[in-house]
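Novice: this is the structure alone, sequence omitted:
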Ligand code: HAM
């Protein structure tokens with residue numbers, strides 16, 4: 001029979017790696033709590049029109065990357081979520097989450113995009129998403145950005161570059177779009193096929209073309225910044241003032257427009273040079289029009305999402321990931337009555353908070369001790385017929401120079417506490 005494998009671009013995260021993920025997630029969750037963000041969990045499947053409306057028809061995601069199908073039972077068009085912002089705002093509207101004021105929310109989980117898989121780019125990937133709903137001021141944009149900077153510090157990730165831009169209000173962008181299309185049409189013979197196609201569907205997206213020749217043409221293009229009105233400029237100044245005060249450095253990238261259509265005013269990305277072509281580890285911005293766009297009462301909002309796989313790759317490269325935790329105790333046992341005695345002993349120790357691997361599968365003491373050593377455990381407990389009869393346990397230090405000791409069963413907890421103290 002042909003061997004079955006995971007779907008291309010969708011990865012198993014194996015033990016060892018998964019424990020590093022858990023540690024990463026624990027750090028992120030602690031950080032989110034310190035900023036007062038609360039967890040929300042949305043379904044992984046949503047009605048397709050949600051993403052069409054929120055992300056925009058003329059985006060790569062909606063045009064070609066969504067996993068979409070028709071539910072055979074009722075004909076409903078469904079999509080595996082390619083991102084979390086649309087779902088989060090849908091949930092906020094559906095449950096009137098803003099009825100008693102703005103909300104700071106976060107979510108985490110898998111997202112799905114049918115992209116061409118390569119290093120750092122997968123078809124199932126994982127994000128932490130952070131959304132501040134109902135807040136209009138530039139202070140929130142700055143908070144979101146500064147909190148990213150704090151997380152990178154806490155994780156020990158260095159060398160991330162913050163790119164920042166303001167894409168203004170929709171009317172300002174519309175006027176700019178007109179000028180840009182005019183410019184692109186005048187230079188059409190110097191554009192590649194992709195830019196020519198986007199020129200009419202989503203002209204602003206030509207700005208972040210990766211083709212150097214197209215970039216050369218665009219260097220002469222009109223700048224979006226010149227089309228921003230006073231309110232947009234003031235908002236951007238407000239964000240920058242706070243970032244400057246907080247010592248968060250950034251570069252203004254006038255070509256940064258992001259790949260989703262719901263943004264206005266502030267947009268930003270955190271980029272690493274160490275990840276090859278897929279260097280963006282985190283991206284976001286303000287999306288004041290999204291509530292209304294998907295049928296809610298208007299409400300301002302801003303947020304970002306980070307790509308866990310990319311951050312995990314940076315953490316691994318920097319050697320920042322702590323080794324997966326080993327069990328504290330490996331319990332070996334052999335002989336008459338030893339299996340029950342050891343089984344109950346392991347349960348009792350776990351109930352007291354110790355982590356205990358109880359040897360399973362039999363074998364000689366020698367082979368069991370090899371497993372104990374390989375497990376990385378700090379202590380081995382040994383139960384043989386003699387220990388069962390005497391109501392004792394042999395206590396062996398696996399990582400320290402110390403004699404093996406026989407300990408009375410009822411004194412084990414006390415002995416273990418003292419043993420833990422020894423190497424502190
Ligand atoms: P996004 O820029 O599409 O934004 O994705 C955010 C992050 O997810 C990226 O910076 C990247 O690290 C990661 N990512 C995206 N696609 C892939 C992929 N195929 N493989 C691996 N990692 C990937 C959003 O999703 C918005 N919802 C962010 C946001 C929240 N804006 C406002 N609030």
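Specialist: Perfect, thanks for sending it. As the structure is a computational prediction, the values presented were derived from the model and not from experiment. Numbering: from 1, shown residues only.

Novice: where in the chain is pLDDT low?
Specialist: Residue ranges of the chain with pLDDT under 70: 423-424.

Novice: which residues of it lie near the ligand?
Specialist: Proximity of the chain to the ligand (Cβ under 6 Å from any ligand atom) is limited to residues 83-85, 113, 115, 121-122, 125, 127, 129, 131, 259-260, 280-285, 287, 303-307, 309-310. Yep, even glycine has a C-beta here, placed from its N, CA and C like the rest.

Novice: and the gap between the closest residue to the ligand within the chain and residue 409?
Specialist: Nearest to the ligand, among the residues of the chain, is residue 307, at 2.3 Å (Cβ to the nearest ligand atom). For residue 307, the distance to residue 409 (Cβ to Cβ, to the nearest Å) stands at 51 Å.

Novice: neighbour-wise, which of the two wins?
Specialist: Taking other Cβ atoms under 10 Å, residue 307 and residue 409 do not tie; residue 307 has more neighbours (22 against 17).

Novice: so what pairs up with the residue of the chain closest to the ligand in the strands?
Specialist: Here residue 307 sits in beta bridges with residue 127, as judged by DSSP bridges.

Novice: contacts only, for it.
Specialist: Residues near residue 307 by Cβ atoms under 8 Å, 6 or more residues apart in numbering: 120, 125-127, 280-282.

Novice: one more time with 7 Å
Specialist: The contact partners of residue 307, taken as Cβ atoms under 7 Å, 6 or more residues apart in numbering, are 125, 127, 281.

Novice: name the member of the residues you listed with the most neighbours.
Specialist: Sorting these by how many neighbours each has (other Cβ under 10 Å) puts residue 281 first, at 25 neighbours.

Novice: is it true that that residue lies in a strand?
Specialist: Yes. Under DSSP: H, G, I helix; E, B strand; the rest coil, residue 281 falls within a strand.

Novice: please name the nearest non-neighbouring residue to it.
Specialist: Closest residue to residue 281 apart from its sequence neighbours, by Cβ to Cβ, 6 or more residues apart in numbering: residue 310 at 4.5 Å.

Novice: residue 11 too?
Specialist: residue 122 (6.3 Å).

Novice: also residue 52?
Specialist: The shortest distance from residue 52 to any non-neighbouring residue, by Cβ to Cβ, 6+ apart, is to residue 62 (5.6 Å).

Novice: what does residue 45 give?
Specialist: Leaving aside its chain neighbours, residue 45 sits nearest to residue 78 (5.2 Å; criterion: Cβ to Cβ, 6+ apart).

Novice: three-state assignment of that neighbour?
Specialist: strand.

Novice: thinking it is in contact with residue 49, fair?
Specialist: No. Using Cβ atoms under 7 Å, residue 78 makes no contact with residue 49, being 10.3 Å away.

Novice: the two: which is more packed in?
Specialist: residue 78 (15 against 12).

Novice: go ahead and report the secondary structure state at residue 195.
Specialist: Relying on three-state DSSP, one would call residue 195 helix.

Novice: now do the same contact list for it.
Specialist: Contacts of residue 195 by Cβ under 7 Å, 6+ apart are 206, 209, 214.
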